[in-house]
Each structure stands twice: as structure tokens, then as C-alpha cells.
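J.: Give me a 3D structure for the following:
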Amino acid sequence: MPLTLRLGTDDLTRCRFAVSPLCQTHEALRLLRRPARHAFHRDWLRRARGVVAGLDLSELWLYFPRKGGYTPDFLGPPPEAPDGSIEAELARMRATDPAMARTELARSLACTPGAARTPYGRAALDDPAAAVRRLADLTERAWQALLAPDWARHRALLEADIAHRTRQWAEGGLEALLGDLHPEIGWADDTLTLRTYPDHAEAQGADGRGVLLMPSVFVRPDVVSGFARPWQPTVIYPARGAAGSGPVGAEAPRALARLLGPHRAAILAGLATPASTSALAGRHGLAPSSVSAHLSVLREAGLVVPHRRGYYVLYARTTLGEALTAGA
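T.: This is a model prediction of the structure:
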């Protein structure tokens, strides 16, 4: 049987989105250990392997089983804030209750034969508080090496996905939103179904706190819902534009170029995921002022709409813009 989450009234009113640098670090590390995902992230892996080779993450790797299995949730827990800083999330990780940490560490070690009897495994079970501190330090090193240099770009992509999903929610309700997150996610009769997850005793259940939805750069082709109690029910899904779902190329269809002009057509065609003026300028080799002028025309025509995300204004295609691009 698949994993099912039946959402009550309280759950339906408390569903939310979040961006978490710590969870992204967690998923980046998991990607390095899961060959099934490698075909979708070749470019990133090519760069990351050289960086990781210079880090000693031996103790951390013990909790990322190569052949599947449980990774302690406190290493990348569901965030409490919609857009927290890595510093705040690492501080929360370092404050993990030792008793809960020991339970999760033991469960993870049990997934790899002999892991609990290694020096690192014995030390973690004997003194989980110290293990939490060491693992937090290693996670911070991994963040600095693997994600920090590109975090602004990753965050913009994740926020663009959320802007798109929020528009779906506003225009078509939860059915439009949840029905489009991932092929393995189903939504019917107030029930969220994850077809690739078996329903079992330790599975997380909806309990009135709602479901946390998090886009990720690194989970493709999977969808992840691995958080056990007491963490909030969470679904981590591939962000639009990440890896195998990259945006449409800058070359617009000829019919669209004849209708709008080559630059406006290219900008519209390239907005498969929302983007800022500066990002579009770099993508299409145009001056930001020129892109701004083209976006103004596209906006007046009802083809794009701006969304503010923090310090950024991201432009996205409207339903009419989507239809025009698809028709072309």
C-alpha cells in the first residue's frame, strides 16, 4: 500500500512552503551517495566530487547508506521558518535533544551491517550529544564547500518554484497545486498519496499541523517524505528548472518570434520558471534596461506577471503566456 496522508480541516489551512539551506545540504550529500539520481545531476556531481575529495566526512557518511535506508532527520529537519538562514538552522541542529538524536542515530546505523560497531558508531551511541556537535560541524563544512558558493542561484530557483506553485494554488486550489508536484504524488478526496512510499507503522501522519512543501535542487527524479515522528509531515519534490527539468532554451519558436519580435519571444519562451530581470539579461545577452522594457510590454499584453520574493522581483508567464508559448 502507498503512503497516504488524509488532511483534515486544520491540515488544509496550515499547508505551507519553505526554503531550507540545511535541507538542501542534506539532499546534496544524499545525492552523492545515491547513484540512481546521478544521471540527472552530472554537471553538479562533476564539480562536487573534486570538492568532497578534500573533505574528511567519514563520520557523516556513516549516516547516508549507499543502498537506501534511514538518514537521521535531525541532520536536515523540516524548517520552522519559511526562509531561514544556514546559521539559524545549524544552531537548531546543534540544540537537538540527545535522547532523540540517539534514537535516530541508532536507527540509521542499523541500516548498514556492522556500522554500530565501528569507532564512530560506538562513540555516537555512547555520547549522542557530542556526536550531534561533530555532525553539525561536518555539515557546516559540507555547506560551505558544496552549496554556499552557488546558494544565491539555488535560492532564486527554489523561490521561483514557490512563486509558480503559489500561483497554481491561487488559480486552481490544492487540487491544481498537489496534482502537479510530481508524477508519484496523487491528490483526491482530501488525501495526499505518495505511491513510492509504503505505509508502515513509523510513517509520518497528518495531525493538524499541515504538510510542509519544499522544492529541492537535488532530489530529482525522486520525491521525498522520509521524516518520522515527531517532525512535521513534509514532502520534498524536484524544483522546476532543476537538473532534468531545465527551462526552455533561449531560442524561441519561429512563429512566436514573428509575432512578438525575437527578443520578446526569447524572453517569454525562457520563462519556463520565473526569473529576475538580471537573470534574464544574463541568459539572453541583453542589457537589463532592454529586458526591463521588453518585460513591460509583455506585462501590458497580459503575458507575464511579476512576483516579489524578498529582495527580488521574479517574472512568470501568465496562463495566457503559457498558452501562447505552448501553441507556438
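J.: C-alpha from now on. contacts and neighbour counts both.
T.: Will do.
J.: What distance do you get for Leu32 to Pro288?
T.: 37 Å (CA to CA, to the nearest Å).
J.: neighbour-wise, which of those two wins?
T.: In terms of neighbours (other CA atoms under 10 Å), Leu32 is the more surrounded of Leu32 and Pro288; the figures are 19 against 16.
J.: Quickly find the element holding the closest residue to that one other than its chain neighbours.
T.: Of all residues not flanking Leu32 in the chain, Leu45 sits nearest, at 7.3 Å (CA to CA, 6 or more residues apart in numbering). Applying DSSP states H and E as the criterion places Leu45 in helix 42-52.
J.: May I see the buried residues of that helix?
T.: Leu45, Ala48, Val52 (16 or more other CA atoms under 10 Å).
J.: What residue, apart from its backbone neighbours, is nearest the second one spatially?
T.: Leaving out its chain neighbours, the residue that sits closest to Ala48 by CA to CA, 6+ apart is Leu146, at 6.4 Å.
J.: Could you do Asp11 as well?
T.: Per CA to CA, 6+ apart, closest to Asp11 is Gly210, 3.6 Å.
J.: Give me the phi and psi for the one you found.
T.: phi 80, psi 180 (degrees, to the nearest 10).
J.: In contact with it, which residues?
T.: Residues near Gly210 by CA atoms under 8 Å, 6 or more residues apart in numbering: Leu7, Asp10, Asp11, Leu12, Thr13, Arg14, Cys15, Arg16, Gln232, Pro233.
J.: how much space between the third one and His164?
T.: Summarising the geometry, the distance separating Asp11 from His164, computed by CA to CA, is 22 Å.
J.: quick one on the thing from earlier: can I get the buried residues of helix 42-52 in TSV including pLDDT and distance to Phe74?
T.: Below are the buried residues of helix 42-52 laid out as TSV (pLDDT from 0 to 100; distance: CA to CA, whole Å):
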residue	pLDDT	distance to Phe74
Leu45	87	25
Ala48	89	23
Val52	87	22
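J.: My read is that Tyr70 contacts Ala106, right?
T.: No. Using CA atoms under 8 Å, Tyr70 is not in contact with Ala106; the gap is 10.0 Å.
J.: what ranges do the strands span in the protein?
T.: Counting by DSSP state E, the chain has strands at residues 2-6, 16-17, 185-188, 191-198, 212-216, 234-238, 304-309, 312-317.
J.: The last one - what's its average pLDDT?
T.: Read that as strand 312-317. Per-residue pLDDT over strand 312-317 has a mean of 83.
J.: Could you list every helix and strand that it packs against?
T.: In terms of contacts (3 or more CA pairs under 8 Å, 6 or more residues apart in numbering; DSSP states H and E), strand 312-317 is packed against helix 277-284, strand 304-309.
J.: If I take it and strand 304-309, what angle do their directions form?
T.: 150 degrees (axes from the mean of the first three to the mean of the last three CA atoms, to 10 degrees).
J.: Now do strand 312-317 against helix 277-284, angle only.
T.: Going by the same axes, to 10 degrees, strand 312-317 makes 60 degrees with helix 277-284.
J.: ok, Asp11 - contacts?
T.: Neighbours of Asp11 in contact, by CA under 8 Å, 6+ apart: Ala206, Asp207, Gly208, Arg209, Gly210, Val211.
J.: hmm, which of those are the buried ones?
T.: Buried among these (16+ other CA under 10 Å): Ala206, Gly208, Arg209, Gly210, Val211.
J.: Go ahead and confirm the first one touches Thr4.
T.: Pointing back at Ala206 there. No. Here Ala206 does not reach Thr4: they are 9.2 Å apart, not a contact under CA under 8 Å.
J.: Find me the pLDDT at the closest residue to Met93 other than its chain neighbours, would you?
T.: Excluding the flanking residues, the one nearest Met93 by CA to CA, 6+ apart is Phe74, at 6.3 Å. Looking at Phe74, its pLDDT reads 95.
J.: If anything else comes up later, I'll come back, but that's it for now.
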